[in-house]
Structures are given as structure tokens and as C-alpha cells.
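> Output the structure for:
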Amino acid sequence: QVQLVESGGGLVRPGGSLRLSCAASGMSVRDYGMGWHHLAPGKQRELVASIINDADTKYADSVRGRFTISSDNTMNTEYLKMNDMKPEDTAIYYCGNTKPLNGEYYWGKGTLVTVSA
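Presented below is the predicted three-dimensional model:
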């Protein structure tokens, strides 16, 4: 059974940093790739960053240069380091696999990030 559990969200001031974690079970983060999406109030869910095969990374224009996605294959965990955060980064952040596993895409329950003074 596939399970993805996000953690690390919270309240941070503009310019601050957070690191989100996504612990995976039942699926290899290296083999299936992982991505972080965020869902902001009044908007559709948007891909923020993705990684596959440990090195192939992609970022949304809004976060490039500020966010870094990485994987720890021994822990089967994916991370999203967010620096220089802005109020518009406020959203629920979800992790999910990039390549389908048996035709399925899986999501965690999300972690809330709030950027506010």
C-alpha cells in the first residue's frame, strides 16, 4: 500500500525558510520520481518542483532560485527546501509521484505553509 506523508509546514515570516519532507512507503521515490504541488486559496493546484532519477529537476518560474527539491533514497524521503519565502508561497503543499505506479498517481494529505509577518 502506497503512503505519502508530508511534514514541515508552519508559519514563517517573509524572507524566512522552511524545509518540507515527504516520507514515502510502498513506492520508491527514486524510481517513480516525486513532485511538490501547492494549492493556494482561490487557485488551482500547481506544480512547484519535481525530481526524477535523483538529478532531473524542474521548478515553476515563481520559485526557481529560491526552492530546492532533493531526495534521500536511503530514507525514501523527498525534501523541498524553501528560502526567501514570500506571502504568495502561502498554500497547502502536497507531494506526489511523477511517474505512475501501476497507472496510479498518489498524493499525501498535505502540509500547510503560511508566510506572513
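
> tell me the strands in this protein, going along the chain?
3-7, 10-12, 18-25, 34-39, 46-52, 56-59, 67-72, 77-82, 91-97, 111-115 (DSSP state E).

> who wins for proximity to Gly103 among these?
strand 91-97 (11.4 Å; Cβ to Cβ). Every C-beta, even on glycine, is put in place using the N, C-alpha and C of the backbone.

> So what touches the closest one?
4, 6, 9, 20, 22, 24, 27, 32-41, 45, 48, 78, 80, 105-113 (Cβ atoms under 8 Å, 6 or more residues apart in numbering).

> Just the buried residues of those.
Using 16 or more other Cβ atoms under 10 Å as the burial test, the contacts of strand 91-97 include 4, 6, 9, 20, 22, 24, 27, 32-38, 48, 78, 80, 106, 108, 110-111, 113 as buried.

> Please list all residues in contact with the residue nearest the centre of the chain.
Central residue of the chain (Cα atoms, centre = their mean): Trp36, 2.8 Å from the mean position. Going by Cβ under 8 Å, 6+ apart, Trp36 touches 20, 22, 47-50, 69, 78, 80, 93-95.

> Closest one to Lys86 out of these, please.
Proximity of the contacts of Trp36 to Lys86 (Cβ to Cβ) peaks at Val48, which lies at 12.8 Å.

> Send over stretch 15-24 as CSV, restricted to the C-alpha atoms.
Presented in CSV, the C-alpha positions along stretch 15-24 are these (Å, rounded to 0.1, in the frame of the first residue of the first chain):
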residue,chain,number,x,y,z
GLY,A,15,12.3,36.1,3.8
GLY,A,16,12.4,33.1,6.0
SER,A,17,13.0,29.4,5.3
LEU,A,18,11.3,26.1,5.7
ARG,A,19,12.1,22.5,4.7
LEU,A,20,9.2,20.2,3.9
SER,A,21,9.6,16.4,4.0
CYS,A,22,7.7,13.7,2.2
ALA,A,23,8.1,10.2,3.6
ALA,A,24,7.1,7.5,1.1
